[in-house]
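*Asks:* Sequence first, then the predicted structure, then my questions.
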Amino acid sequence: MHLTTVQDPTRVDATASDSLLMAIDRGNSGTKIAVSVNGIPLSPFKIPSVIRSVDTDGVIEVSGKHYVCGDAAIGMTQGTVSTPLRTGDKVAGLSIVIAQAIQKISETRPLSSDIEMRLTVSSPFSSDALVTQIKSEIMTLCTGFTVNGKTYRATVSSVSTAFEGAVLLESERKFNGLIDIGFGTILAAYRGASSKVAIAPVMGGDLGGCNLVLNGLLNDPSFLAAVKKSGASAPPSAERLSSRLSEGVTTLRGIDLKPLLKTHLKVLKTRIEDAAVSVKTELRLSTEDYDLIPKIALVGGGAALMRMLLSQDQIDSWSKKNSIELIDQPDFQTAMAMHQIAHMGGSL
């Protein structure tokens with residue numbers, strides 16, 4: 001890993017490398033990216049988390065290996081497919097994720113072949129050992145990688161990590177609690193009297209997130225009947241369904257998914273309510289301020305799914321009852337918070 005000082009982004013000579021500050025929140029269905037190029041922030045975006053290693057003709061080539069991502073990868077039968085949920089590892093394949101992000105950025109603005117990068121990555125674990133693991137994983141990008149036939153080389157000047165959704169409490173002081181709903185997990189955190197962010201225990205938090213809703217749908221007789229009527233040979237996989245919903249698609253083969261999904265929201269809402277009780281309990285135990293009002297941010301892909309399925313009045317009524325605020329762009333909040341802190345020169 002080459003450790004260099006990021007050069008002045010105001011340079012205009014044709015040979016200058018581009019400087020990227022990239023924050024990555026890698027989910028099981030979609031990975032959220034917040035990035036600035038030469039100091040100019042871009043709109044946050046998603047890239048699919050499904051990666052398939054193929055023998056040849058991959059859109060992405062890293063260390064001589066070819067990869068296809070997203071729906072194209074889901075629909076193929078050759079090669080080996082991986083997602084963070086399947087492997088249980090959000091670091092493995094991170095170099096491919098970064099290459100995907102470069103592909104997405106290059107679709108809207110040209111990038112130089114040489115890229116200088118500062119990187120921050122969310123994780124349910126945060127330690128020096130994890131940073132070392134990430135550096136080892138992305139080392140291959142330093143020797144060159146190819147996206148859509150163009151070769152890039154990345155020089156990485158810094159790598160840092162943050163505890164997933166909890167990082168929002170570092171940048172949004174109006175909140176003193178947080179619940180992060182991922183595809184397969186629910187995490188919670190709070191800021192106590194010392195202003196230190198800590199983890200709130202969530203019973204069974206590792207046993208399901210918004211996948212509880214998707215699994216309910218995939219076993220729903222009404223949905224299965226609609227799939228059969230549509231002429232499909234089989235219902236969609238959980239990966240494809242999650243990927244499409246992550247893109248904001250709510251109609252599949254003419255089937256309106258919203259009312260069907262809404263039927264299965266109850267179990268997820270109950271899990272969130274239990275997490276909110278845990279956060280409020282920890283807040284009460286950690287401070288002598290008995291007038292402290294809990295303000296819990298709800299973020300993550302599951303939160304985005306709720307915003308997609310519920311009316312604003314339904315969200316407001318439920319949120320007020322549980323001291324929760326379902327904020328705008330909930331699926332991008334972790335990446336945006338990490339990027340903001342890093343952009344301001346803060347330590348994650």
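*Replies:* Nice, thanks for sending it over.

*Asks:* Please make it C-alpha for all contacts and neighbour counts, starting now.
*Replies:* Will do.

*Asks:* before we move on, which element is the closest residue to P201 other than its chain neighbours in?
*Replies:* Excluding its sequence neighbours, the residue lying closest to P201 (C-alpha to C-alpha, 6 or more residues apart in numbering) is S278, at 6.6 Å. Assigning secondary structure by DSSP states H and E places S278 in helix 266-286.

*Asks:* Spell out which strands sit alongside whatever helix or strand comes next after that helix in the sheet and which way each one runs.
*Replies:* Remark: after helix 266-286, the chain's next helix or strand is strand 296-299, criterion DSSP H and E. With DSSP bridges as the test, strand 296-299 is paired with strand 177-181 (parallel), strand 324-326 (parallel).

*Asks:* Pipe those strands into a markdown table and attach mean neighbour count, distance to I255 and mean pLDDT per row.
*Replies:* Output for the strands paired with strand 296-299, formatted as a markdown table (neighbours: other C-alpha atoms under 10 Å; distance: least, C-alpha to C-alpha, whole Å; pLDDT from 0 to 100):
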| stretch | mean neighbour count | distance to I255 | mean pLDDT |
| --- | --- | --- | --- |
| strand 177-181 | 28 | 26 | 95 |
| strand 324-326 | 21 | 27 | 96 |
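
*Asks:* Let me have those in CSV, adding distance to K196 as columns.
*Replies:* Converted to CSV, the strands paired with strand 296-299 look like this (distance: least, C-alpha to C-alpha, whole Å):
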stretch, distance to K196
strand 177-181, 12
strand 324-326, 20
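
*Asks:* isn't F332 right next to V35, touching?
*Replies:* No: using C-alpha atoms under 8 Å, F332 is not in contact with V35, being 11.6 Å away.

*Asks:* overlap in contacts of these two?
*Replies:* P44 (C-alpha atoms under 8 Å, 6 or more residues apart in numbering).

*Asks:* So between these two, which is more surrounded?
*Replies:* V35 (26 against 23; other C-alpha atoms under 10 Å).

*Asks:* can you pull the pLDDT of the more buried one?
*Replies:* Listed pLDDT for V35 reads 97.

*Asks:* With D128 instead?
*Replies:* Value for D128, per-residue pLDDT: 84.

*Asks:* what's the distance between it and Y190?
*Replies:* From D128 across to Y190, the span is 23 Å (C-alpha to C-alpha, to the nearest Å).

*Asks:* Look at those two and report which has more neighbours.
*Replies:* For D128 versus Y190, neighbours defined as other C-alpha under 10 Å are more numerous around Y190 (29 against 10).

*Asks:* before we move on, the earlier item: in contact with the residue nearest to P201, which residues?
*Replies:* With C-alpha under 8 Å, 6+ apart, S278 has these contacts: 200-202.

*Asks:* what's the answer for V131, then?
*Replies:* 159-161.

*Asks:* Doesn't S317 belong to a helix?
*Replies:* Yes: S317 forms part of a helix when assessed by DSSP: H, G, I helix; E, B strand; the rest coil.

*Asks:* Tell me the pLDDT of it.
*Replies:* For S317, pLDDT reads 96.

*Asks:* do you know how far it is from S171?
*Replies:* Counting by C-alpha to C-alpha, the gap from S317 to S171 is 26 Å.

*Asks:* So which of those two has more stuff around it?
*Replies:* Counted by other C-alpha under 10 Å, S317 and S171 do not tie: S171 has more neighbours, with 15 against 10.

*Asks:* In a markdown table: the contacts of V131, plus pLDDT, neighbour count and secondary structure.
*Replies:* A markdown table is the format used below for the contacts of V131 (pLDDT from 0 to 100; neighbours: other C-alpha atoms under 10 Å; DSSP: H, G, I helix; E, B strand; the rest coil):
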| residue | pLDDT | neighbour count | secondary structure |
| --- | --- | --- | --- |
| V159 | 94 | 16 | strand |
| S160 | 92 | 22 | strand |
| T161 | 91 | 24 | strand |
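
*Asks:* what packs against the host helix or strand of K228?
*Replies:* In this assignment (DSSP H and E), K228 forms part of helix 221-230. Under the contact definition 3 or more C-alpha pairs under 8 Å, 6 or more residues apart in numbering; DSSP states H and E, helix 221-230 sits against strand 255-256.

*Asks:* how about the helices in the stretch 101-250 of the chain?
*Replies:* For the stretch 101-250 of the chain, the helices defined by DSSP state H, counting those that start in this stretch cover 128-142, 168-171, 211-218, 221-230, 238-246.

*Asks:* For I327, find the nearest of those helices.
*Replies:* helix 168-171 (11.4 Å; C-alpha to C-alpha).
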